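Q: no sequence on this one, just coordinates:
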């Protein structure tokens, strides 16, 4: 039985990368270099863009009520400005008094460590820290932790000593509301123009990815910021009801630290317990009530705040959050901190799609039958 020789098949040539993509990649690389070089002046623009992004849904809602876009932006901008200024006027005096209380508390903490903490460690754990010069530490605290009024005066004196630096600081602060207003007014127009500039062949996939990135970033920024604010208010109000002198300071610290899951609870309950022990002579009952405040706050966060305000759309690991903030601050300073978490969320979405494509590729293994796509769980 003879077999037919099929002969040589069609020659398979390796697929070369599309050369039309190189100009786009080059433009992205040059844009990244330009942003890095201009990082000293980016702070007001990035802050304004972030505020405009956060406030855009409010302006869109007012537009759906048949308000003109400019008038809707004026209403949103005025309301947010009044809330911000009112919060500063209300909180700054309270924070000043609590910082003075903290200044008077720190030497007591150092004395307790010297008289009680170190002897207990030496007796029960056999650990001695003779090299720790607590007297010098106490003197440094007394010297550098001045009252808030003198501290503010020294900051103003240092700022006014350089007229150019003061002018630059005031210009940056004045630019933030201006940039925020104009970006908020033209936000939808800018997004539409960017979409029109995309290559038509790539526009559908880029729009899909951009929509997912927007969902994740919005959930994290708007949702997580609201969770942090709510937790700060809950902790501060609960500690204030208990009569803790540093209630507002500890509550704000715990709320800010809540950007990393469970870190706000750990930092808050630790600092509140320390402040309670040194404020109350009979501290056992107040300490139990402080723990109750933070347990209530943690339950509200897990059962109500996070599911309602954030949902399960973020997926950023706590270690990734910490690394993103530190890396952004190291590379770009305060501007990098503003951009760190949005960029980390966008990278997470892109990596998720790259992971799915890799699982469906021949590089990973045999292609799935029928090209079925299964979402990976993270």
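A: Thanks, I have the structure now. No experiment lies behind these values; they were computed from the predicted model shown.
Q: can you find the helix or strand of this protein with the lowest average pLDDT?
A: Here the helix or strand of the chain ranked lowest by mean pLDDT, DSSP states H and E is helix 148-160, holding a mean of 52.
Q: check which element follows that one along the chain.
A: Counting by DSSP states H and E, the element after helix 148-160 in chain order, helix or strand, is helix 163-185.
Q: pull the residues that contact that following helix.
A: Residues from elsewhere that reach helix 163-185, judged by C-beta atoms under 8 Å, 6 or more residues apart in numbering: 43-45, 47-49, 51-52, 55-56, 59, 69-70, 73, 76-77, 81, 159-160, 190. C-betas here are computed from N, CA, C, even on glycine.
Q: please pick the buried ones from those residues.
A: 43-45, 47-49, 51-52, 55-56, 59, 69, 73, 76-77 (16 or more other C-beta atoms under 10 Å).
Q: give the buried residues for stretch 199-210.
A: residue 210.
Q: so where is the stretch 51-200 of the chain shaky, pLDDT-wise?
A: Applying pLDDT under 70 to the stretch 51-200 of the chain flags residues 114, 116-118, 120-121, 124-166.
Q: repeat the analysis, applying 50 as the threshold.
A: 147-149, 151 (pLDDT under 50).
Q: what are the ranges of the helices in it?
A: 69-112, 118-120, 134-144, 148-160, 163-185, 187-197 (DSSP state H, counting those that start in this stretch).
Q: out of the ones you listed, flag the one nearest residue 266.
A: helix 69-112 (18.5 Å; C-beta to C-beta).
Q: quick one: that closest one to chain centroid distance?
A: Computed by C-alpha atoms, centre = their mean, to the nearest Å, the chain-centroid distance of helix 69-112 equals 18 Å.
Q: what packs against that helix?
A: helix 43-64, helix 134-144, helix 148-160, helix 163-185, helix 247-257, helix 263-279 (3 or more C-beta pairs under 8 Å, 6 or more residues apart in numbering; DSSP states H and E).
Q: ranking those helices by burial, who's on top?
A: Most buried of the helices and strands packed on helix 69-112 by mean neighbour count (mean count of other C-beta atoms under 10 Å) is helix 247-257; its value is a mean of 22.
Q: need the contact partners of it.
A: Residues from elsewhere that reach helix 247-257 (C-beta under 8 Å, 6+ apart): 91, 94-95, 98-99, 102, 228-237, 239-240, 244, 263-269, 271-272, 275, 294, 297.
Q: got TSV for the helices and strands packed on helix 69-112, with distance to residue 333 too?
A: Listed next are the helices and strands packed on helix 69-112 as TSV, based on distance: least, C-beta to C-beta, whole Å:
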stretch	distance to residue 333
helix 43-64	8
helix 134-144	24
helix 148-160	18
helix 163-185	13
helix 247-257	18
helix 263-279	23
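Q: of all the ones you listed, which lies closest to residue 354?
A: Nearest to residue 354, of all these, is helix 43-64, at 25.1 Å by C-beta to C-beta.
Q: which residues are in contact with that closest one?
A: So helix 43-64 is in contact with 69, 71-73, 75-77, 80, 172-173, 175-180, 183-184, 187-188, 218, 221-222, 225, 333-335, 338-339, 342, going by C-beta under 8 Å, 6+ apart.
Q: try 6 Å
A: 69, 72-73, 76, 172, 175-176, 179-180, 183-184, 187, 222, 334-335, 338 (C-beta atoms under 6 Å, 6 or more residues apart in numbering).
Q: what's the closest of those to residue 204?
A: residue 187 (22.3 Å).
Q: quick one, the helix or strand hosting residue 351 and helix 43-64 angle?
A: Using DSSP H and E, residue 351 sits in helix 334-359. With axes from the mean of the first three to the mean of the last three C-alpha atoms, to 10 degrees applied, the angle from helix 334-359 to helix 43-64 works out at 70 degrees.
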